[in-house]
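Asker: any chance you can model this:
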Amino acid sequence: MIDWSDMIKGYIKSILSWFTSKPIILFAIAVVCFVVLALPESWRIYLGYDELIKPYRGWISLAALISGVLWLIAILAKLIDLIRPWIRTRWESWWFYRKAPNILRELSRQEKQYVAKYVKEDVSTLDWHAEDGVIGGLEAKKIVFVAAKVIGRYIPWNLQPWVMKTLKKHSDLKNEILEHCVEETKIL
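Answerer: Coordinates of the predicted model:
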């Protein structure tokens, strides 16, 4: 048995999606309906369509209103799609830099020793053993990243730029990290 309500809903959804994908059509319908309704009566009589639209005036008004609203919604959706990446980037950046000091404060003593070595030597790249678990943990926390895919025992690891920026901005945090610095950080 055919379910007519689902079929009608499907047709309405496909028509609405077609119209919203082409907002210029909605705009054209709204403008034509508005012009047909808004022209002075003397012009409508002169053009000969006054008697034609009188019985349909309400439907034409409804078509103008619906197409105008759908056109505005389609335009706003396009604008939102354009600015959404910018807003998301700004939000994530703000949120991350607000949380960055806490991320560094919550590092273990050993992880702070590794970060302190970068800070003390004022470098962005250090070579660490390929199987070093601490540096692997720092990579998982996005504190460091592999600078180059090198096959060997020691791999160059870069400190993420945000770490140095955060430490420069928060001198108390930098001092806390440097307290954990030992002369010889153990490299496996």
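
Asker: which strands or helices does the lengthiest helix in the chain pack on?
Answerer: The residue-count maximum for a helix in the chain (DSSP state H) belongs to helix 57-105. Applying 3 or more C-beta pairs under 8 Å, 6 or more residues apart in numbering; DSSP states H and E, one finds that helix 57-105 contacts helix 4-21, helix 23-38, helix 161-169, helix 171-179. For the C-beta atoms, the positions are set from N, CA and C on the backbone; glycine is no exception.

Asker: and whatever helix or strand comes next after it, what does it pack against?
Answerer: Downstream of helix 57-105, the next assigned helix or strand under DSSP states H and E is helix 109-121. Counting contacts by 3+ C-beta pairs under 8 Å, 6+ apart, helix 109-121 packs against strand 125-129, helix 133-140, helix 161-169, helix 171-179.

Asker: so which of the ones you listed is nearest I155?
Answerer: With distances scored as C-beta to C-beta, the stretch of those nearest to I155 is strand 125-129 (6.4 Å).

Asker: just to revisit the earlier point, any idea of the mean pLDDT for the longest helix of the chain?
Answerer: Confidence over helix 57-105 (mean pLDDT, whole number) is 86.

Asker: can you check stretch 29-42 too?
Answerer: 84.

Asker: now it, how far from the centre of its chain.
Answerer: 41 Å (C-alpha atoms, centre = their mean, to the nearest Å).

Asker: domain map for the chain?
Answerer: The record's domain parsing of the chain by automatic domain parsing lists 4-102, 107-179.

Asker: highest average neighbour count across the ones you listed?
Answerer: domain 107-179 (a mean of 16; mean count of other C-beta atoms under 10 Å).

Asker: now do the contacts for F145.
Answerer: Taking C-beta atoms under 8 Å, 6 or more residues apart in numbering as the contact definition, F145 lies against E139, W157, N158, Q160.

Asker: for stretch 17-27, what is the distance to the chain centroid?
Answerer: Offset of stretch 17-27 from its chain centre (C-alpha atoms, centre = their mean): 25 Å.

Asker: I'd say C33 and W59 touch.
Answerer: No: look at C33 against W59 with C-beta atoms under 8 Å: they stay out of range, at 9.4 Å.

Asker: farthest from the middle of the chain: give me that residue.
Answerer: Y46 (54.5 Å; C-alpha atoms, centre = their mean).

Asker: and the gap between V69 and L62?
Answerer: In this view, V69 and L62 are 11 Å apart by C-beta to C-beta, to the nearest Å.

Asker: equivalent analysis for I29, please.
Answerer: Taken as C-beta to C-beta, the span from I29 to L62 is 11 Å.

Asker: re the thing from before, tell me which of the helices and strands packed on helix 57-105 sits nearest to K78.
Answerer: Here helix 23-38 is closest among these (C-beta to C-beta), at 7.4 Å.

Asker: done for today, thanks.
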